[in-house]
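Participant: the sequence and its predicted three-dimensional model are supplied below.
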Amino acid sequence: MRIAILGAGSDVGRVISHSILMSDLVSEGDEVVLIGRKGGRSEFIVRGMAEDFAEAFIDKEAKIIPSIDPKDAWGDLLIFIASVPDPAHFTRIFHRERLAQDNCKLVQQLLPTLKSNRERIGWVIVVTNPNELVVKLLGDALENDRIVATGSLVDTYRFRLEIARDLNVKPSQVDAWAGGEHGPNMLFFWSTVKVNGQMLDEKTMKNLRCPSFEYFEQKKTEAFQVAEKVLEQEGLDAAYQALRPFPTEVRAIVKSYLTHTSGAKTGGVASQAVLKLMKAILCDKPTLLCAQTFSEFGTVGIPIALSRKGIAVKVDILSDDEKKTLSETGKIVQRKIEAIINSQ
């Protein structure tokens with residue numbers, strides 16, 4: 001098996017690369033290609049990473065290959081992490097918009113090289129943001145429908161953790177899914193929430209869930225403002241604590257921005273999402289999860305059954321209202337994508 005990691009030298013790329021080699025998914029004879037950017041800091045990093053990993057994983061007897069040539073971005077699995085630098089700063093909307101514009105340009109520059117390897121690219125796992133835009137660009141260029149992105153899985157993990165904290169249970173006891181647009185506009189599929197396999201009773205659900213979309217948006221805005229103010233005045237620990245009184249779904253969104261602002265980035269949760277997708281792709285038995293991929297809803301995050309045989313959309317697990325909201329979100333995101341592409 002050949003795994004090519006495009007963007008391996010970034011902060012998140014290094015965590016993901018290490019996690020892949022730590023897993024049982026890589027074995028003797030497999031190739032792991034760590035691809036950095038020529039002329040950038042990662043040009044040297046990937047060479048050092050390859051030597052370090054060769055020493056660290058000597059018993060695996062896998063081939064760890066450094067590269068600064070995007071022509072090497074092909075294989076059974078292409079992990080797409082390439083991104084422009086995104087400074088850790090709390091100007092959320094400005095940076096998200098700028099990141100979308102800049103990453104659109106970056107991906108478009110890579111497309112001719114990737115297209116030349118179209119026949120040698122199997123599955124693609126997208127980490128680069130905006131997930132929905134990158135899935136669209138790569139899928140159209142490569143004419144490949146075996147593309148999934150990590151965003152909805154990352155959002156799902158955050159959603160489950162906050163539910164577990166509110167109910168004082170282990171996160172492993174919680175089933176719940178999130179989807180739609182990755183980031184501050186994610187959707188929470190409350191109809192899928194279960195604890196120990198049981199649906200929540202009406203009172204518990206009412207205590208957890210925002211009573212309306214307007215209330216949710218209001219509290220989300222307040223939470224960002226509180227987080228910024230406390231972060232500046234009292235530091236990161238206090239900012240995390242200041243979010244505690246906010247609703248479950250609001251915390252699931254805002255806390256990740258504090259983590260990013262800390263400089264730690266969010267490589268840990270991204271790497272676990274990549275591993276989850278890889279394990280599903282390499283398995284004959286379908287795994288139910290949420291991911292950004294192509295569907296009738298566009299490229300937003302949806303429930304899918306994923307296996308080596310392909311992708312099966314599973315929106316039947318959602319309520320009618322959730323499917324309606326997902327459809328509306330898909331149209332909004334599609335318009336955003338078109339606007340970004342047309343502005344280049």
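Facilitator: Thanks, I have the structure now. As the structure is a computational prediction, the values presented were derived from the model and not from experiment.
Participant: now do the same contact list for residue 290.
Facilitator: 152, 153, 155, 156, 177, 178, 179, 301, 302, 303, 304 (Cβ atoms under 8 Å, 6 or more residues apart in numbering). Using the backbone N, CA and C atoms, a C-beta is placed for each residue, glycine as well.
Participant: list the contacts of the closest residue to it other than its chain neighbours.
Facilitator: Nearest non-adjacent residue to residue 290, counting by Cβ to Cβ, 6 or more residues apart in numbering: residue 152, 3.8 Å away. Counting by Cβ under 8 Å, 6+ apart, residue 152 makes contact with 177, 178, 179, 180, 182, 186, 290, 291, 292, 301, 302.
Participant: please, which helix or strand holds residue 152?
Facilitator: helix 151-167 (DSSP states H and E).
Participant: quick check: mean pLDDT of that helix?
Facilitator: Across helix 151-167, pLDDT averages out at 97.
Participant: and for stretch 32-42?
Facilitator: pLDDT averaged over stretch 32-42 gives 92.
Participant: try stretch 207-223
Facilitator: 95.
Participant: near the nearest residue to residue 145 once chain neighbours are set aside, how many other residues are there?
Facilitator: Once flanking residues are discounted, residue 145 sits nearest to residue 294: 5.7 Å by Cβ to Cβ, 6+ apart. Counted by other Cβ atoms under 10 Å, the residues lying close to residue 294 total 19.
Participant: contacting residues for residue 294?
Facilitator: Taking Cβ under 8 Å, 6+ apart, we find residue 294 in contact with 135, 139, 145, 147.
Participant: from the residues you listed, which land in strands?
Facilitator: residue 147 (DSSP state E).
Participant: among the contacts of residue 294, which ones are buried?
Facilitator: 135, 139, 147 (16 or more other Cβ atoms under 10 Å).
Participant: put together TSV for the residues you listed, with pLDDT on each row.
Facilitator: Shown next, in TSV, are the buried ones among the contacts of residue 294 (pLDDT from 0 to 100):
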residue	pLDDT
135	98
139	96
147	98
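Participant: save those residues as a markdown table, and put in distance to residue 70 too.
Facilitator: Listed next are the buried ones among the contacts of residue 294 as a markdown table, based on distance: Cβ to Cβ, whole Å:
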| residue | distance to residue 70 |
| --- | --- |
| 135 | 18 |
| 139 | 18 |
| 147 | 17 |
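Participant: what stretches of this structure score poorly on pLDDT?
Facilitator: 86-95 (pLDDT under 70).
Participant: do a quick rundown of the strands in it.
Facilitator: For the chain, strands defined by DSSP E occupy the ranges 2-6, 31-35, 63-67, 75-80, 121-126, 147-149, 174-180, 186-195, 198-199, 287-292, 301-307, 310-313.
Participant: quick one: residues in contact with the longest one.
Facilitator: Outside strand 186-195, the residues that touch it by Cβ under 8 Å, 6+ apart are 151-152, 155, 159, 163, 167, 169, 173-181, 199-200, 205, 209, 249, 252-253, 301, 303, 317-319, 322, 325-326, 329.
Participant: follow-up on the earlier one: adding distance to residue 258, write the contacts of residue 290 out as JSON lines.
Facilitator: What follows is the contacts of residue 290, written out as JSON lines (distance: Cβ to Cβ, whole Å):
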{"residue": "152", "distance to residue 258": "21"}
{"residue": "153", "distance to residue 258": "20"}
{"residue": "155", "distance to residue 258": "16"}
{"residue": "156", "distance to residue 258": "19"}
{"residue": "177", "distance to residue 258": "23"}
{"residue": "178", "distance to residue 258": "18"}
{"residue": "179", "distance to residue 258": "23"}
{"residue": "301", "distance to residue 258": "22"}
{"residue": "302", "distance to residue 258": "28"}
{"residue": "303", "distance to residue 258": "28"}
{"residue": "304", "distance to residue 258": "30"}
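Participant: now for these: which two are most distant?
Facilitator: Using Cβ to Cβ, those span at most 14.5 Å, a distance reached by 155 and 304.
Participant: in the lengthiest helix in the chain, what counts as buried?
Facilitator: Across the chain, the longest stretch assigned as helix under DSSP state H is helix 92-116. If you call a residue buried by 16+ other Cβ under 10 Å, then helix 92-116 has these buried ones: 92, 95, 99, 100, 103, 104, 106, 107, 110, 114.
Participant: next, format those as a markdown table and append distance to residue 4.
Facilitator: Shown next, in a markdown table, are these (distance: Cβ to Cβ, whole Å):
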| residue | distance to residue 4 |
| --- | --- |
| 92 | 31 |
| 95 | 28 |
| 99 | 23 |
| 100 | 24 |
| 103 | 19 |
| 104 | 21 |
| 106 | 17 |
| 107 | 16 |
| 110 | 12 |
| 114 | 10 |
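Participant: closest one of these to residue 230?
Facilitator: residue 92 (15.6 Å).
Participant: against residue 156, how distant is the closest residue to residue 75 other than its chain neighbours?
Facilitator: Excluding the flanking residues, the one nearest residue 75 by Cβ to Cβ, 6+ apart is residue 2, at 3.3 Å. According to Cβ to Cβ, to the nearest Å, residue 2 and residue 156 sit 29 Å apart.
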